[in-house]
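> quick one, fold the following:
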Amino acid sequence: MFMRTAASFAAVVAISAVLSAAAFAQQQDGTAAHSPIDLGKTTFAQKCSHCHGPNMVNSGTITPDLRRFPDDQPRFVTTVKQGKNGRMPPWGDILSDDEITALWAYVSSRRAQ
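So this is what the prediction gives:
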């Protein structure tokens, strides 16, 4: 029984060491694991919140409540890249495809049910 427990403990320690080393390596090369939602939230705060509001709704302006944006990623990507009706500027030359994908992850995570 003791040998089994010791072996199990050793396996857990070994797995933990491997996972810790992988996390440390990611942090060292600047690619710390962040979810797309977290990255999208950061991009939204930096690039979008001044018009769309910090909570995706900005009363008193013409911007839509992004929490109610339809579940339509192609439409979202097109709108972000090309702008909308001369009121929303195009962001296709400013934001990367990865940033736009992360924005979609964040916006869709906040969708009103």
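> show me where the chain has helices.
2-28, 36-43, 49-52, 73-82, 97-109 (DSSP state H).
> and these, which one averages the lowest pLDDT?
Here the lowest mean pLDDT among the helices of the chain goes to helix 2-28, at a mean of 48.
> can you give me the distance of the closest residue to residue 92 other than its chain neighbours to residue 66?
Nearest non-adjacent residue to residue 92, counting by CB to CB, 6 or more residues apart in numbering: residue 81, 3.5 Å away. Every residue, glycine included, has its C-beta placed from N, CA and C. Distance of residue 81 to residue 66, computed by CB to CB, to the nearest Å: 16 Å.
> quick one, which of the two is more surrounded?
Taking neighbours as other CB atoms under 10 Å, residue 81 and residue 66 compare with residue 66 leading, 22 against 15.
> ok, now which ones touch that one?
52, 56, 57, 107, 110 (CB atoms under 8 Å, 6 or more residues apart in numbering).
> now do 10 Å
Residue 66 makes contacts with 44, 48, 52-53, 55-58, 76, 103, 106-108, 110-112, as judged by CB atoms under 10 Å, 6 or more residues apart in numbering.
> farthest-separated two in these?
Within the contacts of residue 66, 58 and 108 form the most distant pair, 18.8 Å apart (CB to CB).
> so who does residue 51 touch?
58, 61, 62, 63, 87, 88, 89.
> try residue 49
Counting by CB under 10 Å, 6+ apart, residue 49 touches 41, 43, 55, 56, 58.
> identify, from the residues you listed, the entry nearest to residue 70.
Closest approach to residue 70 among these (CB to CB): residue 56, at 13.9 Å.
> what about that closest one, neighbour count?
21.
> pLDDT score assigned to residue 57?
In this model, residue 57 carries a pLDDT of 86.
> how much space separates it from residue 50?
13 Å.
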